[in-house]
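Chemist: Give me the fold of what follows.
(chains A, B, C and D)
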There are 2 protein chains.
Amino acid sequence: MGETVNISESVENYLETILALETDNKVARAKDIAERLGVQKGSVSGALRILKEKGLINYKPYSFITLTAKGKKIAKSVLRRHLILKDFLENVLQISDQKAENAACRMEHAIDEETLERLLAFIDYIKTCPRAGDNWLASFVNYYKTHRHDPEKCNKCINELTQLDLSS
Amino acid sequence: MGETVNISESVENYLETILALETDNKVARAKDIAERLGVQKGSVSGALRILKEKGLINYKPYSFITLTAKGKKIAKSVLRRHLILKDFLENVLQISDQKAENAACRMEHAIDEETLERLLAFIDYIKTCPRAGDNWLASFVNYYKTHRHDPEKCNKCINELTQLDLSS
DNA sequence: ACATTTTTTTAGGTTAGCCTAACTTTGTAA
DNA sequence: TTACAAAGTTAGGCTAACCTAAAAAAATGT
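Modeler: The predicted model follows:
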């Protein structure tokens, strides 16, 4: 079995940040990592030593930083969790962009694989099923904004629906 | 402003556990806390001292433990987050009981107030709107199990729906 | 080429949260 | 009541993650 590396939240954040910097700036520098993570540069040096020990980054002191294959795999997994969560928060729960971003940052470390995949399926389902799409979401938005709901209207609707074969 | 106490994940877990023990056993004992949290009893002693310093529990060495009003308020908030998340995982995403329980344990520390309330509204909406209820969920279950979906059927359905006033 | 600025590292310190092992207190049963 | 078991505390240690300040290396402008 591929030796698991014991990834802390902190390590996940470093890897995610390095991946983002590689993408944005071609190369990751300690200073930029410190800036994005909101930690001191001294802390970054320590963290880089550990990431290197864990085989997650290529790194020699005073040189630039790149992810190893192993590191990139983890970084991408974290990023994927982030993006899926953000998608759900923004496009299903209708949380604002910035708040969804922040919430995704916190939750990405706590969500497990199975939940994530199920969430992804859920989002896809809503997006590809017209019945659960725009119209349906607009109705949800009205619901949480007004805290009111008229089941009568739903019933009128559902009665029509039961005439059809809805198992899709 | 009511002085905020800086609540770590660990502290949240202690409070949540103490509340559960109060509920289950009338009273919380250090041994049971250790057992439920999977830590050593020595660790519990240290944690209890800190919880007391923070004004979250009533506690004298060698005596039983109760939550203060402040502690109970936080414990209940954590429990509420747990229950709402579990409800969503189990009844919307259809994750199994045990896995939903574990996932909720991890995520309850990461979710923010706004997201939680929105999630609650979402669950309520699904539960109280027949159109988004059982039938709809069954269709989602089929979707994630088969990874297939027939938008044609949806379209047939949505065409009927647009004849009605669906804003509910 | 050299001085200055920027970046990075090093060294030493703090805190939270856990551990173990040894000791103390409490409760119970003979 | 005394002696033992169970529960709780204390003391000392460890690690992860952060901090600051100062030293070292690299990059830059003239």
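Chemist: my guess is residue A:112 meets residue B:106, correct?
Modeler: Yes: counting by CB atoms under 8 Å, residue A:112 does reach residue B:106; the two are 7.2 Å apart. Any C-beta I mention is one placed from the backbone N, CA and C, and that applies to glycine too.
Chemist: which residues are contacting the one helix or strand residue A:122 maps to?
Modeler: Residue A:122 belongs to helix A:113-128 when elements are defined using DSSP states H and E. Residues from elsewhere that reach helix A:113-128, judged by CB atoms under 8 Å, 6 or more residues apart in numbering or on different chains: A:80-81, A:84-85, A:87-88, A:91-92, A:111, A:132-133, A:136-137, B:89, B:92-95, B:99, B:103, B:139-140, B:143-144, B:147, B:149, B:151.
Chemist: run the last query once more with 6 Å
Modeler: A:81, A:84, A:87-88, A:132, B:93, B:103, B:140, B:143-144, B:149 (CB atoms under 6 Å, 6 or more residues apart in numbering or on different chains).
Chemist: ok, now stretch A:52-63?
Modeler: With CB under 6 Å, 6+ apart as the criterion, stretch A:52-63 contacts A:5, A:48, A:51, A:65-68, A:70-71.
Chemist: filter these down to the ones near DNA strand C?
Modeler: Among the contacts of stretch A:52-63, the ones lying near DNA strand C by CB under 7 Å from any atom of the strand are residue A:48.
Chemist: Next SSE downstream of the lengthiest helix in chain A?
Modeler: Looking across chain A with DSSP state H, the single longest helix is helix A:69-87. Per DSSP H and E, the first helix or strand lying C-terminal to helix A:69-87 is helix A:97-107.
Chemist: and the angle for that following helix with helix B:97-107?
Modeler: Here helix A:97-107 runs at an angle of 110 degrees relative to helix B:97-107 (axes from the mean of the first three to the mean of the last three CA atoms, to 10 degrees).
Chemist: For helix A:97-107, name the packing helices and strands.
Modeler: helix A:69-87 (3 or more CB pairs under 6 Å, 6 or more residues apart in numbering or on different chains; DSSP states H and E).
Chemist: so which strand or helix has the nearest residue to residue A:30 once chain neighbours are set aside?
Modeler: Leaving aside its sequence neighbours, residue A:30 sits nearest to residue A:44 (CB to CB, 6 or more residues apart in numbering or on different chains; 4.8 Å). Per DSSP H and E: residue A:44 is located in helix A:41-53.
Chemist: How far away from the center of its chain is that helix?
Modeler: Distance, stretch centre to chain centre, for helix A:41-53: 24 Å (CA atoms, centre = their mean, to the nearest Å).
Chemist: Enumerate the sheet neighbours of whichever helix or strand comes after that helix, specifying parallel or antiparallel for every one.
Modeler: Using DSSP H and E, the helix or strand that follows helix A:41-53 towards the C-terminus is strand A:57-58. Its sheet considered, strand A:57-58 pairs with strand A:66-67 (antiparallel) by DSSP bridges.
Chemist: And the contacts of the strand it pairs with?
Modeler: Residues contacting strand A:66-67 (CB under 6 Å, 6+ apart): A:18, A:57-58, A:75.
Chemist: Any stretches of chain A with poor pLDDT?
Modeler: Counting by pLDDT under 70, chain A shows low-confidence ranges at A:1-4, A:147-168.
Chemist: Can you name the residues of it that neighbour DNA strand D?
Modeler: Within chain A, the positions adjacent to DNA strand D are A:8-11, A:13, A:37-43, A:46-47, A:50, A:62 by CB under 7 Å from any atom of the strand.
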